[in-house]
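>>> All I have is the shape, not the residue letters:
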Ligand code: FES
């Protein structure tokens, strides 16, 4: 279990409706926060292919489609599902919490 100083609270769980994605900015991070099946997932908001923001994309199950060139990623592990994206999307570990979406702070 991580020290609480390594944790970042992003938003209330209720801020993200089922099947939706929102943008959350904190410090230097610009993140996309998703809710699928009652579970929350967090990735970088910026597409690895270009200037598309994934929080503006189309979420279908665990797949987010960038609205810029329709590239797709799996939000569970950031893997590329459809081109033109090649580079994996960065994902963040969500820490269990009753009311809030909390992640472990990235180490890099
Ligand atoms: S910017 Fe996202 S697919 Fe091109």
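Yep, that arrived. All values reported here derive from a predicted model rather than from experimental measurement.
>>> and this protein, which residues reach the ligand?
Applying CB under 6 Å from any ligand atom, one finds that the chain approaches the ligand through 47, 49-52, 66, 68-69, 71, 84-85. Placement of C-beta: from N, CA and C, glycine included.
>>> could those be laid out in JSON lines, adding pLDDT and distance to residue 17?
Converted to JSON lines, those look like this (pLDDT from 0 to 100; distance: CB to CB, whole Å):
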{"residue": "47", "pLDDT": "98", "distance to residue 17": "22"}
{"residue": "49", "pLDDT": "98", "distance to residue 17": "26"}
{"residue": "50", "pLDDT": "97", "distance to residue 17": "27"}
{"residue": "51", "pLDDT": "97", "distance to residue 17": "26"}
{"residue": "52", "pLDDT": "97", "distance to residue 17": "21"}
{"residue": "66", "pLDDT": "98", "distance to residue 17": "20"}
{"residue": "68", "pLDDT": "97", "distance to residue 17": "23"}
{"residue": "69", "pLDDT": "97", "distance to residue 17": "26"}
{"residue": "71", "pLDDT": "98", "distance to residue 17": "24"}
{"residue": "84", "pLDDT": "97", "distance to residue 17": "29"}
{"residue": "85", "pLDDT": "96", "distance to residue 17": "25"}
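>>> how about residue 13, phi and psi?
phi -60, psi -40 (degrees, to the nearest 10).
>>> same question, residue 89
According to degrees, to the nearest 10, residue 89 has phi -90, psi 140.
>>> and it, how many residues sit next to it?
Neighbour count for residue 89, taken as other CB atoms under 10 Å: 25.
>>> Cool, thanks, talk later.
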